[in-house]
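# Just need the structure, nothing else, for what follows:
(one chain, ligands or ions: 1)
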Amino acid sequence: MDQFEKVAAARQYIEQRTDLRPHVALVLGSGLGAFADEVADRTEIPYAEIPHWPRSTAVGHAGKLVIGRVEGVPTAVMAGRVHFYEGYALQEVTFPVRVLGSLGVRSLILTNAAGGINTELSQCALVLISDHLNLQGSNPLIGPNEDRWGPRFPDMSEAYDRRYREAAREVAAGLGIRLHEGVYAALSGPSYETPAEIRYLRAMGADTVGMSTVPEVIVANHMGLRVLAISCVTNMAAGILPQKICHEEVLEAGEKVRGQLIALLRGLIPGLQQS
Ligand code: HPA
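Residues are numbered from 1 along each chain as shown. Below you'll find the model as predicted:
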């Protein structure tokens, strides 16, 4: 079975579980899974039940697809995602985005936990991703191209939709939420960076650093989906503060910004569908 057929099998399974056809999809990052409970009229499908769908092993990732309505908009929410560092191939990491795209989703919102490199950021800052550096050492599109999904050499000059970013700034301002903007560098992990690596990333133009999102964004662009991504700065990156980075801290910071992030996402979703 090739990737196209696997995606079709997963799509068909989901279509049997619910009559709702999502327009918007949301991927929730580490410690940011609470939004799944905000979905009305929801059908919850554990990842384990969906054919070929990868299952997350990371602590803080639930592992279910929730389909329902957010502010009336048919929305699919992924509570939990898999990462390259778990040992999955990037084709597996991005499998869910392929399925969501083939279900008819046109707008993809991603959230993640990230380390702050720009010293104007601080713990719990929310950062709209304006662009990225793919430093994972691979690309999910390596291999034969599936022309039914997109072109061999997709353009990435506006990977994070400009109009969505404008909308996000407006919604945040209206809610009184401070929303920073910056470049996200994706590394493979799972070890956190060294202080020398953080200085190197800063010199390259990165404002935040993390271990996810970029493969999904590449695949979403390949399929012509419009993307919006928001990082939660769960810690300042290595070497900035005189302290070590621990995963518990990352999850706790996610908890703290939960309310703000939920309000922001709720405010954003209705507008994405129209623009
Ligand atoms: N580095 C990489 N990934 C992360 C970090 C970090 O400091 N914090 C949360 N995810």
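# so how many other residues sit close to residue 268?
Using other CB atoms under 10 Å, residue 268 has 23 neighbouring residues. Every C-beta, even on glycine, is put in place using the N, C-alpha and C of the backbone.
# Wasn't it part of a helix?
Yes. The assignment for residue 268 (DSSP: H, G, I helix; E, B strand; the rest coil) places it in a helix.
# Isn't it up against residue 169?
No. Residue 268 is beyond contact range of residue 169, at 10.5 Å (criterion: CB atoms under 8 Å).
# Specify the local secondary structure of the most far-flung residue of the chain relative to its centre.
In the chain, residue 242 marks the outermost C-alpha relative to the chain mean, sitting 29.3 Å out by CA atoms, centre = their mean. Secondary structure, three-state DSSP: residue 242 is coil.
# any idea how far it lies from the ligand?
Using CB to the nearest ligand atom, to the nearest Å, residue 242 is found at 15 Å from the ligand.
# State the phi and psi torsions of that residue.
phi -80, psi 60 (degrees, to the nearest 10).
# By mean pLDDT, flag the weakest helix or strand of this structure.
Lowest by mean pLDDT, DSSP states H and E among the helices and strands of the chain is helix 247-274, with a mean of 84.
# Quick one: name the residues of the protein near the ligand.
Within the chain, the positions adjacent to the ligand are 113-115, 192-193, 209-211, 234-235, 237, 245, 250 by CB under 6 Å from any ligand atom.
# Going along the chain, name the helices of the stretch 101-250 of the chain.
162-175, 195-204, 214-222, 247-274 (DSSP state H, counting those that start in this stretch).
# same for the last one, what does it pack against?
Packed against helix 247-274, as judged by 3 or more CB pairs under 8 Å, 6 or more residues apart in numbering; DSSP states H and E, are the following elements: strand 24-28, strand 64-70, strand 73-79, strand 107-116, strand 126-135, helix 162-175, strand 226-236.
# Flag every buried residue along that helix.
247, 249-251, 253-254, 257-258, 260-261, 264-265, 267-269, 271-272 (16 or more other CB atoms under 10 Å).
# Same check on the first one?
Along helix 162-175, the positions that meet the burial threshold by neighbour count (16+ other CB under 10 Å) are 164-165, 167-168, 171-172.
# residues in contact with that helix?
Contacts to helix 162-175, defined as CB atoms under 8 Å, 6 or more residues apart in numbering, come from residues 107, 126, 128, 130, 178-179, 181, 226-228, 230, 260, 263-264, 267-268, 271-272, 275.
# Now residue 152. Nearest residue, chain neighbours left out?
residue 145 (4.4 Å; CB to CB, 6 or more residues apart in numbering).
# Tally up the residues packed near the one you found, please.
14.
# how about residue 104, phi and psi?
phi 110, psi 0.
# so how far is the least confident helix or strand of the chain from its chain's centroid?
12 Å (CA atoms, centre = their mean, to the nearest Å).
# before we move on, what about stretch 223-240?
8 Å.
# State the mean pLDDT of that stretch.
Throughout stretch 223-240, pLDDT has a mean value of 94.
# Can I get it as CSV, trimmed to CA atoms?
Below are the C-alpha coordinates for stretch 223-240, written out as CSV (Å, rounded to 0.1, in the frame of the first residue of the first chain):
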residue,chain,number,x,y,z
MET,A,223,-1.0,20.5,-0.5
GLY,A,224,-2.0,24.2,-0.8
LEU,A,225,-3.3,24.6,2.8
ARG,A,226,-3.0,28.0,4.4
VAL,A,227,-1.0,27.9,7.6
LEU,A,228,-1.0,29.8,10.9
ALA,A,229,1.3,28.8,13.7
ILE,A,230,1.8,30.0,17.2
SER,A,231,4.6,29.1,19.7
CYS,A,232,4.3,29.3,23.4
VAL,A,233,7.7,30.2,24.9
THR,A,234,7.9,27.6,27.7
ASN,A,235,11.4,28.4,28.6
MET,A,236,14.3,30.7,27.6
ALA,A,237,16.7,28.7,25.4
ALA,A,238,19.9,27.2,26.7
GLY,A,239,22.5,29.5,28.1
ILE,A,240,20.3,32.6,28.4
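# Lovely, talk soon.
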